[in-house]
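1. how would this look folded up:
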Amino acid sequence: MPSATIEVRDLAKTYPGDVRALAGVSFAVPAGSVFSILGPNGAGKSTAMKILTTLARPDTGSAHIGGIDVVRDPQQVRRMIGCVAQRSGVDSSATGRENLTLQGRLHGMSGRKLARRVDELVEQVDLTAAASRVAGNYSGGTKRKLDIAMSLIHRPQVLFLDEPTTGLDPEIRAEIWQQIAALAAIERLTVLLTTHHLEEADRLADRVVILDHGRVVAKGSPSQLKDDLKGDAVQVDLIEPRAVPAAHRALAGLEAIREVTIEGCAVRARVDDAAAAVPLVLAALAADGVNAVSVTVARPSLHDVYLHYASRSLSELEEETTR
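-> Presented below is the predicted three-dimensional model:
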């Protein structure tokens, strides 16, 4: 089955209490591509996903998947999409194969066709060793693989992944990334991904959109957005957290420095000329009695793009996610 495009135009959604989740959001996802929505909690990511997966209706605007209006024909859209939610949909009392078989039957599949599809997915997502075990005994990473396989059982044209690797160890996260990329190519899927891991979006996405307070504040390919962010990134790593405020003040007082942000025990900033700025940074820190573990310079990353456009820092985002 060929992949489908996603078209979103001027979506707006307000919840009771005058909480504006979306305020005229527009973007397009080309068929067969991986697209990522970024933004802090409350930016509108989940609302956009709910509308696109037919779980919510917009107040105004439109959304189409493969040319089908998600409001006017939700049943047809549901047949075209697969979805991996933040919380696992796995039945912990059933085996991996039983979970996949049940999911297939819910989509009207049966017999040899279903059995062959289960075998294909068990191999594709590397569940061979675990497929016959009860899913309640799976690790978090293995359960996530099963979630992904279940979403693909009916060969959807579009796959929605809502923070698919949150809470996973870095090694397992990297493995899931590899599998998502491979499955997107093998299944010819259009993939829409929301994530709090900027490296995830940088690694997987052909294009990204950054939302903040229900509006699109930036969109483009990761490389394009990084190139548009002129200059260099300077990061000062500190020994003690209590030195962070002083370091922040020292850097914020320099004319050559802009966009000073705090990330844990580090202070980050943007500069036009790193070679000229670093000596000034070191002198300012020394004048305020701040000892730095290191001062590093790098070209802009997607992390820097996010900090430039979003109103809340990544550390705040991670704290919200943990809570």
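
2. only C-alpha atoms for contact and neighbour calcs from this point on.
-> OK.

3. can you count the residues close to the residue lying closest to T5 once chain neighbours are set aside?
-> Spatially, and ignoring its direct neighbours in sequence, T5 is nearest to A31 (4.4 Å; Cα to Cα, 6 or more residues apart in numbering). Close neighbours of A31, defined as other Cα atoms under 10 Å, add up to 19.

4. do the same with S88
-> 15.

5. And the helices in the protein?
-> Ranges of helices in the chain, per DSSP state H, are 45-52, 74-80, 96-106, 111-124, 140-151, 170-186, 198-204, 222-228, 244-252, 274-287, 302-309, 314-322.

6. can you list those in TSV and add mean pLDDT, distance to V267 and mean neighbour count?
-> Rendered in TSV, the data for these read as follows (pLDDT from 0 to 100; distance: least, Cα to Cα, whole Å; neighbours: other Cα atoms under 10 Å):
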stretch	mean pLDDT	distance to V267	mean neighbour count
helix 45-52	95	28	21
helix 74-80	96	45	17
helix 96-106	97	45	21
helix 111-124	96	42	16
helix 140-151	95	33	23
helix 170-186	87	24	16
helix 198-204	90	18	18
helix 222-228	88	20	16
helix 244-252	89	6	19
helix 274-287	88	11	16
helix 302-309	84	12	19
helix 314-322	45	11	13
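
7. Please dump the ones you listed into JSON lines; it should also carry distance to T296 for every row.
-> Listed next are the helices of the chain as JSON lines, based on distance: least, Cα to Cα, whole Å:
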{"stretch": "helix 45-52", "distance to T296": "32"}
{"stretch": "helix 74-80", "distance to T296": "47"}
{"stretch": "helix 96-106", "distance to T296": "46"}
{"stretch": "helix 111-124", "distance to T296": "40"}
{"stretch": "helix 140-151", "distance to T296": "33"}
{"stretch": "helix 170-186", "distance to T296": "23"}
{"stretch": "helix 198-204", "distance to T296": "19"}
{"stretch": "helix 222-228", "distance to T296": "18"}
{"stretch": "helix 244-252", "distance to T296": "14"}
{"stretch": "helix 274-287", "distance to T296": "9"}
{"stretch": "helix 302-309", "distance to T296": "14"}
{"stretch": "helix 314-322", "distance to T296": "19"}
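
8. distance between stretch 74-88 and the chain's centre?
-> Remark: stretch 74-88 is offset 17 Å from the chain centroid, using Cα atoms, centre = their mean, to the nearest Å.

9. And stretch 84-94, by the same measure?
-> 19 Å.

10. go on, stretch 195-215?
-> Its chain's C-alpha centre and that of stretch 195-215 lie 5 Å apart, by Cα atoms, centre = their mean.

11. for stretch 281-296, same thing?
-> 34 Å.

12. Could you export stretch 117-131 as PDB, CA atoms only?
-> What follows is stretch 117-131, C-alpha atoms only, in PDB (Å, rounded to 0.1, in the frame of the first residue of the first chain):
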ATOM      1  CA  ARG A 117       1.900 -11.000   9.100                       C
ATOM      2  CA  VAL A 118       2.600 -11.900  12.800                       C
ATOM      3  CA  ASP A 119       5.700 -13.900  11.700                       C
ATOM      4  CA  GLU A 120       6.900 -10.900   9.600                       C
ATOM      5  CA  LEU A 121       6.500  -8.400  12.400                       C
ATOM      6  CA  VAL A 122       8.100 -10.700  15.000                       C
ATOM      7  CA  GLU A 123      11.200 -10.900  12.800                       C
ATOM      8  CA  GLN A 124      11.200  -7.200  11.700                       C
ATOM      9  CA  VAL A 125      11.100  -5.700  15.300                       C
ATOM     10  CA  ASP A 126      13.400  -8.400  16.700                       C
ATOM     11  CA  LEU A 127      10.900 -10.200  18.900                       C
ATOM     12  CA  THR A 128      11.800 -13.700  18.000                       C
ATOM     13  CA  ALA A 129      13.200 -14.700  21.400                       C
ATOM     14  CA  ALA A 130      10.300 -13.100  23.300                       C
ATOM     15  CA  ALA A 131       7.300 -13.700  21.100                       C
END
